[in-house]
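Novice: Provided below are the primary sequence and the corresponding predicted coordinates.
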Amino acid sequence: MRSVLNTTFRSLQVRNYRLFATGQLVKLVGVWMMFTAQDWLVLDLSGDSPAALGAVASLQFVPVLLLTLYAGKLADRFDKRRLLVLSNAAFAITAIAFAVLVASGHAQLWHVFLFAGLLGIANAVETPVRQAFVSELVELPLLPNALALSAATFNTARIGGPALAGVALALFDTGPVFLIATVLAIAPIFSYSRMRATDLRPAERQAKKDARIADGLRYVGQRSDLALPIALMFVVGMIGFNFPVTLAALAKINFGAGPSSFGLLTTALAVGALGGALAGSARRARPGVYVVIGAALAFSVLEFAVGFAPNFIVAMLVLVPTGFFSIFLAQAANHRVQMGVDPAFRGRVMALYVLVFLGTTPIGASLAGWWGQHYGIASSISGAGVVCFVASMVALIWQLRTSGERLSMTFRPRPRLTLVPPVASVAKIPERENAAA
């Protein structure tokens with residue numbers, strides 16, 4: 001057990017990373033409390049409209065679509081820790097103003113739309129900078145573990161936040177939930193301020209003329225090993241990862257659940273996601289492309305099944321493995337990109353990753369809300385699974401064709417799927433053995 005714990009949590013032995021993870025955990029618990037209460041507030045103010053939920057989610061991520069690439073450029077040019085302090089301070093101030101408005105009882109639907117956009121601006125700067133900053137906290141061999149623990153931190157908050165919000169919503173009104181959440185959102189400002197600057201491992205900062213967004217895009221275009229996971233996450237992030245829109249509507253409209261029960265659906269998804277994050281914490285090397293594609297295929301099938309869940313209990317059970325493969329996929333794709341990129345381009349490449357993964361949410365959330373409004377929220381979830389499955393199969397076929405590899409299925413002594421290398425590669429093996437002899 002001690003060996004397992006030392007392997008799983010070894011990045012926490014680094015003081016700066018420990019401060020980073022603690023601050024993120026406290027903040028994200030508050031953020032998920034706020035988002036859960038916000039979804040419930042939107043349904044109350046809009047008369048149970050899935051389209052309104054989609055609009056709020058879109059407004060939260062429109063700034064990501066517009067500003068993320070520029071934020072990546074800033075990450076390659078300036079001190080990432082200072083940028084994170086400023087962006088987190090902006091988020092906290094905006095969240096406090098929003099909470100005061102909700103607690104006063106004067107919040108209207110357009111207020112929610114406005115503050116969703118303002119909070120999205122802060123997140124559009126913070127997210128790509130934070131993604132690139134992790135590599136400055138730990139040495140390269142620890143980077144997969146540090147990224148996995150960051151995902152685990154996120155999903156631990158996603159478990160605790162909605163659960164706490166569900167209990168608080170059942171006991172109080174939405175106002176107190178927002179006030180509690182804003183207090184927690186201040187934590188990263190203190191954790192970043194307490195870090196030892198001498199222990200950081202900053203990449204060489206790029207001059208303005210050398211930190212152009214177009215250069216980062218061109219760099220990815222020349223690297224197929226980076227382009228494929230980014231392209232796959234473009235589809236999955238836009239179409240498949242719309243649970244903030246669909247789960248609230250599924251719980252309240254399809255299953256007639258209350259706020260505490262809605263929190264259970266989100267928690268079930270997050271429990272599986274936490275397992276997926278921890279499953280990748282022992283990773284020491286860059287994951288292969290077929291790990292990414294396989295996780296995408298598994299997630300697609302499970303998301304399709306969620307849409308056909310006949311009742312609340314079945315939906316909650318299916319959401320656990322769905323959550324597992326959702327974060328396992330996102331984490332494997334993130335690792336493959338982060339561990340394959342030149343440090344000089346890391347900020348801009350991770351900004352592109354965040355853009356396709358989160359910045360496309362306005363499009364996907366609007367589509368999910370519109371489809372759910374007209375054809376039912378269950379069909380919106382299942383349809384997303386179908387689209388993600390098709391995208392995953394296209395990625396698999398493209399990879400097999402470009403690499404010359406092929407899949408072989410054997411049934412004896414037990415069913416097994418194996419990857420057969422190109423004929424030329426197989427032919428070179430005896431030559432290398434003869435040369436060694």
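Specialist: In hand now; what should we look at?

Novice: state the distance from residue 32 to residue 416.
Specialist: Look at residue 32 and residue 416: by CB to CB, to the nearest Å, they are 41 Å apart. (Glycine included, C-beta is placed from N, CA and C.)

Novice: between these two, who's got more neighbours?
Specialist: Just comparing residue 32 and residue 416: by other CB atoms under 10 Å the higher neighbour count belongs to residue 32, 29 against 10.

Novice: contact partners for the residue nearest the centre of the chain?
Specialist: Nearest to the geometric centre of the chain sits residue 330, at 6.2 Å (CA atoms, centre = their mean). Residues in contact with residue 330, defined by CB atoms under 8 Å, 6 or more residues apart in numbering, are 151, 233, 357.

Novice: burial measure for residue 381, as a count.
Specialist: 29.

Novice: where's the residue lying closest to it once chain neighbours are set aside relative to residue 188, distance?
Specialist: The shortest distance from residue 381 to any non-neighbouring residue, by CB to CB, 6 or more residues apart in numbering, is to residue 307 (3.7 Å). Per CB to CB, residue 307 is found 36 Å from residue 188.

Novice: with residue 303 instead?
Specialist: 31 Å.

Novice: ok, residue 34 next?
Specialist: From residue 34 to residue 188 the distance is 15 Å (CB to CB).

Novice: more neighbours: residue 303 and residue 188, which one.
Specialist: Legend: neighbour count by other CB under 10 Å for residue 303 and residue 188, higher for residue 303 (30 against 26).

Novice: what does the more buried one show for phi and psi?
Specialist: Per-residue torsions, residue 303: phi -60, psi -40 (degrees, to the nearest 10).

Novice: one more: residue 173?
Specialist: Taking degrees, to the nearest 10 as the convention, residue 173 sits at phi -100, psi -180.

Novice: and it, how many neighbours does it have?
Specialist: Residue 173, neighbours per other CB under 10 Å, totals 14.

Novice: which parts of the longest helix seen in the chain are buried?
Specialist: Criterion DSSP state H: the longest helix present in the chain is helix 15-46. By 16 or more other CB atoms under 10 Å, the buried positions in helix 15-46 come out as 16-43, 46.

Novice: what's the average pLDDT for that helix?
Specialist: Averaged over helix 15-46, pLDDT sits at 86.

Novice: helices or strands next to it in the packing?
Specialist: In terms of contacts (3 or more CB pairs under 8 Å, 6 or more residues apart in numbering; DSSP states H and E), helix 15-46 is packed against helix 50-77, helix 80-103, helix 109-137, helix 143-171, helix 174-184, helix 187-193, helix 243-249, helix 259-279.

Novice: so which of these is the most surrounded?
Specialist: Neighbour counts (mean count of other CB atoms under 10 Å) averaged over each of the helices and strands packed on helix 15-46 peak at helix 243-249, with a mean of 26.

Novice: please name every helix or strand in contact with that one.
Specialist: Checking 3+ CB pairs under 8 Å, 6+ apart, helix 243-249 ends up next to helix 15-46, helix 50-77, helix 259-279, helix 361-375, helix 377-403.

Novice: turn the contacts of residue 330 into TSV, including distance to residue 201 and pLDDT.
Specialist: Shown next, in TSV, are the contacts of residue 330 (distance: CB to CB, whole Å; pLDDT from 0 to 100):
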residue	distance to residue 201	pLDDT
151	21	72
233	26	89
357	25	76
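
Novice: wait, which of those residues is closest to residue 377?
Specialist: Nearest to residue 377 out of these is residue 357 (CB to CB; 22.9 Å).

Novice: hmm, back to that, out of the helices and strands packed on helix 15-46, nearest to residue 373?
Specialist: helix 50-77 (4.6 Å).

Novice: tell me the angle that closest one makes with helix 109-137.
Specialist: Here the directions of helix 50-77 and helix 109-137 differ by 30 degrees (axes from the mean of the first three to the mean of the last three CA atoms, to 10 degrees).

Novice: am I right that residue 408 sits in a helix?
Specialist: No - secondary structure assignment (DSSP: H, G, I helix; E, B strand; the rest coil) places residue 408 in strand, not in a helix.

Novice: that one and residue 289: what is the separation?
Specialist: Counting by CB to CB, the gap from residue 408 to residue 289 is 18 Å.

Novice: between those two, point out the one with more neighbours.
Specialist: Shown here are residue 408 and residue 289; by other CB under 10 Å, residue 289 has more neighbours (20 against 10).

Novice: list the contacts of the more buried one.
Specialist: Residue 289 touches 225, 228-229, 336, 399, counting by CB under 8 Å, 6+ apart.

Novice: check which residues of stretch 345-361 are buried.
Specialist: 345-361.

Novice: which ones among these lie within helices?
Specialist: Filtering these for helices - DSSP H - leaves 346-354, 361.

Novice: need the per-residue pLDDT for residue 263.
Specialist: The per-residue pLDDT of residue 263 was computed as 68.

Novice: for residue 139, see how far away the residue nearest to residue 237 when sequence neighbours are not counted is.
Specialist: The spatial neighbour of residue 237 that comes closest, neighbours along the chain excluded (CB to CB, 6+ apart), is residue 357 at 4.1 Å. Distance, residue 357 to residue 139, by CB to CB: 25 Å.

Novice: my guess is the residue nearest to residue 237 contacts residue 233, does it?
Specialist: Yes - Residue 357 is within contact range of residue 233, at 5.0 Å (criterion: CB atoms under 8 Å).

Novice: quick one: stretch 328-336 to chain centroid distance?
Specialist: Remark: stretch 328-336 is offset 9 Å from the chain centroid, using CA atoms, centre = their mean, to the nearest Å.

Novice: show me the contacts for residue 116.
Specialist: Contacts of residue 116 (CB under 8 Å, 6+ apart): 38, 56-57, 59-60.

Novice: actually residue 137, not the one I typed
Specialist: Taking CB under 8 Å, 6+ apart as the test, what residue 137 contacts is 14, 16-17, 20, 146, 200-201.

Novice: from these, pick the one nearest residue 268.
Specialist: residue 146 (26.7 Å).

Novice: shaky segments in the stretch 1-150 of the chain?
Specialist: 1-8 (pLDDT under 70).

Novice: show me where pLDDT drops low in the stretch 201-350 of the chain?
Specialist: 203-211, 244, 257-263, 280-283.

Novice: which parts of it are helices?
Specialist: With DSSP state H, counting those that start in this stretch as the criterion, the stretch 201-350 of the chain has helices at 213-221, 224-235, 243-249, 259-279, 289-307, 312-338, 346-354.

Novice: what's the last one in contact with?
Specialist: Right, helix 346-354. Under CB under 8 Å, 6+ apart, the answer for helix 346-354 is 64, 68-77, 80, 127-129, 131-132, 135, 203, 211, 213, 215-217, 219-220, 226, 230, 233, 333-334, 337-338, 341.

Novice: how much space separates residue 178 from residue 167?
Specialist: In terms of CB to CB, residue 178 sits 15 Å off from residue 167.
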